[in-house]
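Chemist: coordinates for the following, if possible.
(2 chains)
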Number of protein chains: 2
Amino acid sequence: MKNKDLITPRKLQGFWELMPKEQILFSDLLNKLEIVFKENCFLPLDTPILEYSEALLAKSGGETDKQVYRFTKGSTDMCMRYDLTVPLARFVAMHKNELNFPFKRYQIGKVYRGERPQKGRFRELYQCDADIIGDGELSIVADSECVSLFEKCYKALNLEVEIRVSNRKILSGYIEEIQMQDKSTDVLIVLDKIGKMPMEEIISQLKDLGLSENQCKNLISIIQTNGKIDDVCNSLKKLCKNALFLEGISELETLSTFLSAMGTKSIIYDLSIIRGHNYYTGTVFEAFLSGRKELGAVGGGGRFENLCSYFSESKMPGVGMSVGITRLFDILLQEGYFDLSKTNEIDCAVINFDDTLLESLSLVQNLRENGVRAEIFYENKSFKSKMKEANRRQVDFVIIVGENEVKTKEYTLKNMKTGEQSTHPIEEIVTKIRSERMASATPYENC
Amino acid sequence: MKNKDLITPRKLQGFWELMPKEQILFSDLLNKLEIVFKENCFLPLDTPILEYSEALLAKSGGETDKQVYRFTKGSTDMCMRYDLTVPLARFVAMHKNELNFPFKRYQIGKVYRGERPQKGRFRELYQCDADIIGDGELSIVADSECVSLFEKCYKALNLEVEIRVSNRKILSGYIEEIQMQDKSTDVLIVLDKIGKMPMEEIISQLKDLGLSENQCKNLISIIQTNGKIDDVCNSLKKLCKNALFLEGISELETLSTFLSAMGTKSIIYDLSIIRGHNYYTGTVFEAFLSGRKELGAVGGGGRFENLCSYFSESKMPGVGMSVGITRLFDILLQEGYFDLSKTNEIDCAVINFDDTLLESLSLVQNLRENGVRAEIFYENKSFKSKMKEANRRQVDFVIIVGENEVKTKEYTLKNMKTGEQSTHPIEEIVTKIRSERMASATPYENC
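Modeler: Below is the predicted model of the structure:
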């Protein structure tokens, strides 16, 4: 093929693609989350990436419509999924009679959003979701299970987080009490600016919406309430006697009792947690890397009233959690959380001579079967070039297989860091390399 | 929402979606393959599902063009990938200078083919690919590594297979020798009908293409050659002295020497293995479930001359293997290979009373942390309805948590199969349930 016919290899803008060492780390995180989901009795689901547009866009607003990858093939109008929740609703509505309820499912998969590419935003991203769906009703125990699962996820990723928990009914109750339900979204939009704008400006904007000085003060005081459950509830109870408001406080107290029984450790009750304006109706929660609140939430979830409202007349309340693993991994990479130079692609190199190739191939197989990632550099011809390649790849150990080694079945093991060289049968080599790997592994290497 | 506004929940035709128990089994198979790839020093890659159409369709023929999911968004013309090989070529061409060669990568991911839906054909399917890419050259050792890896994949899936191996140069050499290169594809199409059509008809069609009686006989004799490496090579060597033909035999012999050193056990040399008409140029192989050749190949692979020819002037030979896991799983499901009734979603149910809920939640957490998938039926109100639910879900064990159990920290464990009931501290319960699970597990449950 002539040069002029070549196509420049490019990947689509805004699409994520990791280099192998990064991918080793990322895949390991996904595996760790999957183990947590399984251990906690969540069932796997793997819905198609494409769905009928009719189903996928049923509940979406204009913003989603614009961002979604939608196209037709033949007479079929379809979309790539933009989250894992709508496909879950479609699945549950289709198979309601075959599933056990509460239905606990997890799904780890890619979703697609044609957003303008920018830092920390991706057009293809992983979601790691776990949801509990009830048939008709769903106990607050489910909320506590979800929050506890959420905590376990970050623990499995070896990350220290604060999990901030609230209940949307408290704020909604107060807004109802002051008869501002119709302007609820506007009020929440203003409140969301706390910390980003001077407080006088916040109050002035709230007043513009029709709130009194006292109502502004109360609302801001609610939003700024956080800490231990008793303190939070005691200070809130003084503010308002609205039934929904009190129900929210009561649910938060119940949740906290269950969470204590479940042994959660990183929970902070924090009324500033709202999570969007429409979807969630009760418990809401978000995770923040400890001491790094400025990075924003790295996951969250909450209680919703009815998963399948667009597909079915049955009421199916649910509670779910989602780890924003693509953005989280991007942050961790940028913050230098991983030591990529310590992420070895292989554990050792087997260095052969021309007449010991067959024995070396056999040795490599034997090592791999025993959990040692052994490689043989068959493209490098001379002993010298093989050793050079081992150095270039920063291999910790080489095993030299000469004529003598083949005869005695004892191989020369060279520690490339220390230069130490010794002779061992294969079992000893396996033990030495594996224990060295365990000792030097970062939490993420040792998979 | 009124009934008339409801959307019928449907999934796209030809798209695969498993029910939870099936998905447990399928995910487990994918995990097992991933472990094999990692153990053998293949690096993970996770390319986007979407690619520029220009890149994705560079090498495709008309058939692919028709089947591919292609669309534009804004001014971008893009496609959903139809295999994992073209994205690999694009990636290697982009990152050639950052990768170690031979570059060994695996990718497990979905691909998209808008085929007419039919039995055993899916529009969204998983591919499990592993390839070794060389920079300029690539030893036959790579071929043997791929075949050996391929064997290990099926072993990990606990499937007995025959792996049938050939070398395309042998047939190509003979076709060159009889000067039928220009009609090579036509000849191969006729030969592919052996077994599906009477031999006289085959010979007649070959003659129509211009072959002599003797050439027909030789060609059929080549295709029908199979068995042990020495027998295969000895009987072939008599037929022709063409250089390419002899090179193919020699490569096959070298491959077999390496495979023996690597300890492969299920290899049959079989010249009827061709694998398509264009892509593969040397070693080719396919796997068949033992004694079930009629089901067709359940995976395959081979050597190709140049991965990146459409993107780069560098010559990058490679050898790859692919397990057709979606079709394979579909066959296994249909053949009743899995006992879904033995695939438990949970190991045990914790049955609480109203006043022991908190202790029971704590117990459930404790059990899960110790690897027991324990569930609590918080939607069922009475003891009776909780026990009924445990029966309905075919739970092997229930743990009853009454007031007395809370005091003594010894819990009543009931074996639901035998009816046996005994009292134990939690550590003993964990041991009992885990050992029972190990004993009764099918190879696929025990994940």
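
Chemist: gap between stretch A:357-376 and the chain center?
Modeler: The offset between the C-alpha centroid of stretch A:357-376 and the centroid of the whole chain comes to 35 Å, using Cα atoms, centre = their mean, to the nearest Å.

Chemist: residues touching the closest residue to chain B within the stretch 101-250 of chain A, list them.
Modeler: Closest residue of the stretch 101-250 of chain A to chain B, Cβ to the nearest Cβ: A:V141 (4.1 Å). Quick note: C-beta positions are derived from backbone N, CA and C, even for glycine. When the contact criterion is Cβ atoms under 8 Å, 6 or more residues apart in numbering or on different chains, the partners of A:V141 are A:F258, B:L357, B:L361, B:I376, B:Y378.

Chemist: any idea how far B:L363 is from it?
Modeler: For A:V141, the distance to B:L363 equals 13 Å [Cβ to Cβ, to the nearest Å].

Chemist: what about the residue nearest to A:S221 when sequence neighbours are not counted, neighbour count?
Modeler: Distances taken as Cβ to Cβ, 6 or more residues apart in numbering or on different chains place A:L239 nearest to A:S221, at 6.9 Å, with adjacent residues excluded. Neighbouring residues of A:L239 were enumerated by other Cβ atoms under 10 Å in any protein chain shown; the total is 19.

Chemist: right, and A:L239 touches A:G173 too?
Modeler: No - with contact defined as Cβ atoms under 8 Å, A:L239 does not count as touching A:G173 (9.9 Å).

Chemist: can you list contacts of the strand or helix carrying A:L357?
Modeler: Per DSSP states H and E, A:L357 falls inside helix A:357-369. Helix A:357-369 is contacted from outside by A:348, A:350-352, A:374-376, A:378, A:399, A:401, A:405-406, A:411, A:426, A:429-430, A:433, B:39-41, B:141, B:144, B:148, B:257-258, B:261-263, using Cβ under 8 Å, 6+ apart.

Chemist: so which of those are in strands?
Modeler: When strands are assigned by DSSP state E, the members of the contacts of helix A:357-369 inside them are A:C348, A:V350, A:I351, A:N352, A:A374, A:E375, A:I376, A:I399, A:V401, A:Y411.

Chemist: pretty sure A:Y280 sits in a strand.
Modeler: No - going by DSSP: H, G, I helix; E, B strand; the rest coil, the assignment for A:Y280 is coil, not a strand.

Chemist: quick check: pLDDT value at it.
Modeler: Residue-level confidence at A:Y280 comes out at 92, pLDDT.

Chemist: so it sits against A:G302, correct?
Modeler: Yes - between A:Y280 and A:G302 there is a contact under Cβ under 8 Å: 3.7 Å.

Chemist: neighbour count: those two, which is higher?
Modeler: Between A:Y280 and A:G302, counted using other Cβ under 10 Å, the more crowded position is A:G302 (28 against 23).

Chemist: shouldn't that one be within a strand?
Modeler: Yes - inclusion of A:G302 in a strand is indicated when three-state DSSP is applied.

Chemist: ok, what's across the strand from it?
Modeler: Assessed by DSSP bridges, A:G302 has beta-bridge partners A:V284, A:G320.

Chemist: in contact with it, which residues?
Modeler: The neighbours of A:G302, taking Cβ under 8 Å, 6+ apart as the test, are A:R168, A:R275, A:Y279, A:Y280, A:T281, A:G282, A:T283, A:V284, A:F285, A:V319, A:G320.

Chemist: with A:Y174 instead?
Modeler: The contact partners of A:Y174, taken as Cβ under 8 Å, 6+ apart, are A:N218, A:L219, A:I222, A:L239, A:C240, A:N242, A:F245.

Chemist: ok, it to A:N226 distance?
Modeler: Relative to A:N226, A:Y174 is positioned 16 Å away (Cβ to Cβ).

Chemist: in the stretch 151-300 of chain A, what residue lies closest to chain B?
Modeler: Of the stretch 151-300 of chain A, the residue with the smallest distance to chain B, taken as Cβ to the nearest Cβ, is A:A261 at 4.0 Å.

Chemist: quick check: closest non-adjacent residue to that residue.
Modeler: B:L358 (4.0 Å).

Chemist: look up the pLDDT of the one you found for me, please.
Modeler: Predicted confidence (pLDDT) for B:L358: 97.

Chemist: same thing with A:I189?
Modeler: 89.

Chemist: tell me how many other residues surround A:C79.
Modeler: Neighbours of A:C79 under the rule other Cβ under 10 Å: 23.

Chemist: typo on my end, A:D192
Modeler: Around A:D192 there are 15 other residues, counting by other Cβ under 10 Å.

Chemist: tell me the contacts of it?
Modeler: For A:D192, the contact set (Cβ under 8 Å, 6+ apart) comprises A:I274.

Chemist: isn't A:Y82 right up against A:E115?
Modeler: No - distance between A:Y82 and A:E115: 10.0 Å, which falls outside the contact criterion (Cβ under 8 Å).

Chemist: before we move on, the earlier item: quick check, nearest of the contacts of A:V141 to B:E200?
Modeler: Ranked by distance to B:E200 (Cβ to Cβ), the contacts of A:V141 are led by B:I376 at 71.1 Å.

Chemist: distance check, that closest one against chain A.
Modeler: Distance of B:I376 to chain A, given as Cβ to the nearest Cβ, to the nearest Å: 8 Å.

Chemist: if I pick that residue, what's in contact with it?
Modeler: Listed by Cβ under 8 Å, 6+ apart, the contact set of B:I376 reads A:V141, B:A349, B:V350, B:N352, B:S360, B:L361, B:V364.

Chemist: how close does the first one sit to A:L43?
Modeler: With the distance defined as Cβ to Cβ, A:V141 ends up 18 Å from A:L43.

Chemist: can you check the last one too?
Modeler: Between B:V364 and A:L43 the computed distance is 17 Å (Cβ to Cβ).

Chemist: equivalent analysis for the third one, please.
Modeler: Remark: distance between B:V350 and A:L43 (Cβ to Cβ) = 18 Å.

Chemist: so among the contacts of A:G302, which ones count as buried?
Modeler: Buried subset of the contacts of A:G302 (neighbour count, 16 or more other Cβ atoms under 10 Å in any protein chain shown): A:R168, A:Y280, A:T281, A:G282, A:T283, A:V284, A:F285, A:V319, A:G320.

Chemist: and the strands in the stretch 201-350 of chain A?
Modeler: Under the criterion DSSP state E, counting those that start in this stretch, the stretch 201-350 of chain A contains strands at A:226-227, A:267-270, A:283-289, A:299-304, A:318-323, A:348-352.
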